[in-house]
Each structure stands twice: as C-alpha cells, then as structure tokens.
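Q: Pasting a predicted model and its sequence here:
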Amino acid sequence: MSLALVQSRALLGLQAPEVRVEVHLANGLPAFNLVGLPETAVRESRDRVRSALLTAGFEFPSRRITVNLSPAELPKEGGRYDLPIALGILAASGQLPVSCLQGREFIGELALNGELREVRGVLPSGLATAAAERTLILPTTNLAEAGLISRLESFGAEHLLDVTAYLLGQKTLTSVIPLRTEVSPHHYPDLLEVKGQIMARRALMVAAAGQHNLLFSGPPGSGKTLLARCLPGLLPELTEQEALEVAAVESISLGFDPQRWKQRPFRSPHHSSSAVALVGGGSHPKPGEISLAHRGILFLDELPEFGRSVLEVLREPLESGEIHLARAARRATYPADFLLVAAMNPCPCGHLGDPRKACICSEGQIRRYQSRLSGPLLDRIDLHLEVPALPPEDLWQQSQGESTVMVREKVAQAREIQLQRAGKLNAALTPTELEVFAPLGQDGQELLTRAMNKIFLSARAAHRIIKVARTLADIDASQQIQRSHLLEALGYRKLSRSD
C-alpha cells in the first residue's frame, strides 16, 4: 500500500492535540517533502529518518515521499515526530503491515543509528492518549514519566528495530511499573532550627493553613530566608491530581524527574530575573517561574530589588491562579496557583528600626525604596510581618516552640476543616462565599470599618483580612470568627499601616 496513517501528539502549552502523520509514496523522481507547518527541527527529521532506516537495515524507498502532519494549521516542533514518520514510510512501502499501527500512538526522536531518544512533554501526551483509549509507544527513557498515568497502557523501546519487532509480534516491549506510590522524602529545615521569632513562626503556620501569601520585612540576618525555607515542610503532600498538574508543567519545561513525584515545588528566582522569566513567554510561550511553582511556593528574596515592572506582572496570577500568554502566532495558558513568600529589608541599608545599629538612610531613600512595592501588589499579600533582629544571647539558647511535625499536624487539621466546609482553602474564597462561610458579627464589622478608615485599607485588603481571620479561627477549631482572630489578622498588615 502506498498510503499509511500513524497517530502522534503535538505539544501546545499543556495541551497535546492529536497529529495524524500521513505518508504517501508516488512514482517520480526521488524526493522527500514534509508539509503541515513543520518548524526547523521537524524539517530536519528527513535526514534523521533516512539515516535511521538505512542503518537499521530497512529499504529507503527511491520514490516521491510526501509526509503530511495534520492538522496543517497546528505548528509542529521538536523531534517527537521522527518515530511515527519512520513507521509511516515502512508501512507505506509495504515493509510493515498498516493494520499493526491501528490503536497505537507513537512519539520519539531517532538517532542516526536508529536509537530512540528522550523527548519533552510526555505527560500531557500520555494523558491525551489515555483519554483516546490508545496505547502509547515511546522511548524507554520516558517510560517512568508515562507510568505516572495509571490508566495509560504504555511501552518503551530503545531502538527502531525493537518497535518494528513488537508491531510484528516478534518481541515484547518494556511496560512500566507505575511509580505513583513511590514518594521520595525531601528534608526541609525544621522550625526548631529558627531561634526566637515566635510571631514569624506563627505567621508561617497561618500561611500554610489557609494558603495565604506572606511578606517578611526585617534587617539582614534576622532569619527571613530560613523561615521561608521551612514553609514547604508545613504543607501536606500533593494529591495525585495536583501531582500530575505539577509534573505536566515540569515535563514541558525542565523535564520531569520521577523522584520528585508528589513533592511541592519551591522556586526561588534571583532578583535580576526578567518579567518573562517569571510569567513565561517567548516566541513559543514556555512556562515561567510562577507556573513552575504551581501547587508549591514561589520565594522572592530581596523583593524591592526586583524591577517594579517585573513585580507588577504577578498581580493577575495572584488573583486568578493562571497565566494567559499571547504572542503573534501562539497562545498558551499555564496554571499558576502558587503560595507567594517574599522577604525584604526595611530600607536600603537594612537597619531601619534595628536597636543595635543605626540606619544611615535618608527619609527620601527609605520612601523610594519602599515605594518599589505598589499598593495593588501589597493588597494581594495577606500577611505582612516584621522580623526583628535577633538578640545575640538568643543564639545560644535552646529553641522554644513547636517543631515542623507538630505544626504540620495543625495545618492539616485546619485545611481539612476548610475543605469540608467550602471545598476550597480560605485564600480562594470569593466575596460571596466570605459572607456565607466567614460572617462577621456587629462588633467585628465595626472593628474592621474603623481599621479601614484609620489605615486606609482597600476592599480587597479587607476581604483578605477576613480570610486570615477565618483561618485563625479554623486553627483554633472555632465555628465563628472571634474578635481576637480579627485583631490578630489586622496585626499582620504591617505595610498597610500609615506609620
């Protein structure tokens, strides 16, 4: 037969649309034409496929070969189409039965000697293949990643000859043993390693319990970074669905490591990072740091040192939990549901308010430094906390307070209360849901109104204060928000106060 059809998958953001690789052989001068909006890496597959077939001992047809990647309007990139193109040529030339390709999808890059090499984005492709109820054939090096999908039947091969022998029923391929239950432990700093800073440690518990964004402000060496690095240890393990979301983003960007399965991401970009590095982009939009931190933590140290235009791009993702990237020829949507933790000095020299070292900054320098953080951005950060300098004598004392294990249990209990009550964490409650699940009594309404008038809080900031108060009530297993919860939530708005 001179026509063959092979199923494969493209990569478009986190989507994996189906691509039909159609191969036709016709009489005429030998030629190899590749159509269907292929990019450079795809067009170069002609040479890789020709060499792989000849090296593997197959006949390369001396005919006019036309390969169509359908749908034609979908851009194709990467070397993932090498294997389906090679199999399509073999089937169209009669060296392989066309019937053996049915019910299967193929992705994989070919080396010149016919070996199969690893490709990106296997997890989105595997999810789409499983939904289509087909079998996926892919390189062995990608097999562990495909094994994360419980309902997917997948097989790995190391060479083109292995694939053809399997299709002819002459050989079995390696099938994956699901790794979904294997979770590698990750060791984070324990809260007992933090000397003093009782209020900051409580703020960490509140942030973890309700998924509240957090900003630490204090002089150098007060423990802000150490506190932030303790936070992942307070969060519960990812669910399987959440872990698949995280793995899918890593699969198309960094390449997913199965050893990180169910580990929450912790991303800490340098303050010289650009806006594109944070939100993603490029001519072919790729995920940025906020998407790589999905379901995890984005830690921005030295927050005012980031460019103001860089920080402003965080405003929409902090509200919506996703980022929409639009370019002239491409559009992509990536998840960005992360917990923001930031740290900053109170002034350029870092010693404003430090009783042991005088600040040398002028009022103008302090004002310009702090004004790098816009009001709308600060409104979206629920907890603003001052982390004072640690007295020297506290360094030698045994750490007081609760360990990470003890705090994690409280966090888990508070989260369970929230999920049972509203099906979501407090930080995600809408204004309408706040009226239902976090009502304030007359006393609480009057207190919050006075605070809004005195320290000029916006409606968004007021809603976030109520959310924090609701989380504090959940930690105390209280049905109603008490006055003490509201007062404590107001105390966490340090940078909103006019002083």
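A: That came through fine. Numbers count the residues shown, from 1 in each chain.
Q: residues in contact with residue 216?
A: Contact partners of residue 216, counting by Cβ atoms under 8 Å, 6 or more residues apart in numbering, are 200, 224, 227-228, 341-344, 385, 387. Yep, even glycine has a C-beta here, placed from its N, CA and C like the rest.
Q: how about the helices in the stretch 201-350 of the chain?
A: 224-230, 240-253, 275-279, 289-292, 308-312, 315-320 (DSSP state H, counting those that start in this stretch).
Q: need the longest strand for this protein.
A: The longest strand of the chain (DSSP state E) is strand 18-26.
Q: Which elements pack onto that strand?
A: strand 3-9, strand 64-70, helix 82-92 (3 or more Cβ pairs under 8 Å, 6 or more residues apart in numbering; DSSP states H and E).
Q: Which residues outside it are in contact with it?
A: With Cβ under 8 Å, 6+ apart as the test, strand 18-26 has contacts from 2-10, 61, 63-71, 74, 76, 81, 84-85, 88-89, 91-93, 128, 132.
Q: Buried subset of those as a ChimeraX selection?
A: A single ChimeraX command suffices to select whichever of these are buried according to 16 or more other Cβ atoms under 10 Å:
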select :4,5,6,7,8,9,10,61,63,65,66,67,68,69,76,81,84,85,88,89,91,92,93,128
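Q: Buried residues, the longest helix seen in the chain. List them.
A: Identified as the longest helix of the chain according to DSSP state H is helix 404-422. Buried positions in helix 404-422, judged by neighbour count with 16+ other Cβ under 10 Å: 404, 407-408, 410-412, 414-415, 417-418, 421-422.
Q: Check which helices and strands that helix sits against.
A: helix 198-210, helix 431-437, helix 459-475.
Q: now that helix: how far from the chain's centre is it?
A: Taking Cα atoms, centre = their mean, to the nearest Å, one finds the center of helix 404-422 at 23 Å from the center of the full chain.
Q: Let's see that helix as PDB, backbone CA atoms only.
A: Listed next in PDB are the C-alpha coordinates belonging to helix 404-422 (Å, rounded to 0.1, in the frame of the first residue of the first chain):
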ATOM      1  CA  THR A 404       7.700  21.300  61.900                       C
ATOM      2  CA  VAL A 405       6.000  17.900  62.600                       C
ATOM      3  CA  MET A 406       3.700  19.400  65.300                       C
ATOM      4  CA  VAL A 407       2.800  22.500  63.200                       C
ATOM      5  CA  ARG A 408       2.200  20.300  60.100                       C
ATOM      6  CA  GLU A 409      -0.500  18.400  62.100                       C
ATOM      7  CA  LYS A 410      -2.300  21.700  63.000                       C
ATOM      8  CA  VAL A 411      -2.000  22.800  59.400                       C
ATOM      9  CA  ALA A 412      -3.500  19.600  58.100                       C
ATOM     10  CA  GLN A 413      -6.400  19.800  60.600                       C
ATOM     11  CA  ALA A 414      -7.200  23.400  59.600                       C
ATOM     12  CA  ARG A 415      -7.100  22.600  55.900                       C
ATOM     13  CA  GLU A 416      -9.400  19.600  56.400                       C
ATOM     14  CA  ILE A 417     -11.900  21.900  58.100                       C
ATOM     15  CA  GLN A 418     -11.800  24.300  55.200                       C
ATOM     16  CA  LEU A 419     -12.200  21.700  52.500                       C
ATOM     17  CA  GLN A 420     -15.100  20.100  54.300                       C
ATOM     18  CA  ARG A 421     -16.800  23.400  54.800                       C
ATOM     19  CA  ALA A 422     -16.300  25.100  51.400                       C
END
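Q: so how far is residue 87 from residue 331?
A: Distance from residue 331 to residue 87, counting by Cβ to Cβ, to the nearest Å: 31 Å.
Q: which of the two has more neighbours?
A: When residue 331 and residue 87 are compared for neighbours, residue 87 comes out ahead with 28 against 12, by other Cβ atoms under 10 Å.
Q: ok, and the closest non-adjacent residue to that one?
A: residue 6 (5.4 Å; Cβ to Cβ, 6 or more residues apart in numbering).
Q: right, and the one you found touches residue 106 too?
A: Yes - between residue 6 and residue 106 there is a contact at 6.1 Å, judged by Cβ atoms under 8 Å.
Q: between these two, what contacts are shared?
A: 84, 87.
Q: How about the contacts made by residue 149?
A: Counted by Cβ under 8 Å, 6+ apart, residue 149 has contacts 123, 126-127, 130, 244.
Q: Let me see the contact set for the residue nearest to residue 146 when sequence neighbours are not counted.
A: Spatial nearest neighbour of residue 146, chain neighbours left out: residue 154 (4.2 Å); criterion: Cβ to Cβ, 6+ apart. By Cβ under 8 Å, 6+ apart, residue 154 lies in contact with 126, 129, 135-138, 143, 146-147, 175-176.
Q: let's see it at 7 Å
A: 126, 136, 138, 143, 146, 176 (Cβ atoms under 7 Å, 6 or more residues apart in numbering).
Q: What is the nearest of these to residue 446?
A: residue 126 (55.9 Å; Cβ to Cβ).
Q: Does that closest one touch residue 136 like I think?
A: Yes - between residue 126 and residue 136 there is a contact under Cβ atoms under 7 Å: 5.8 Å.
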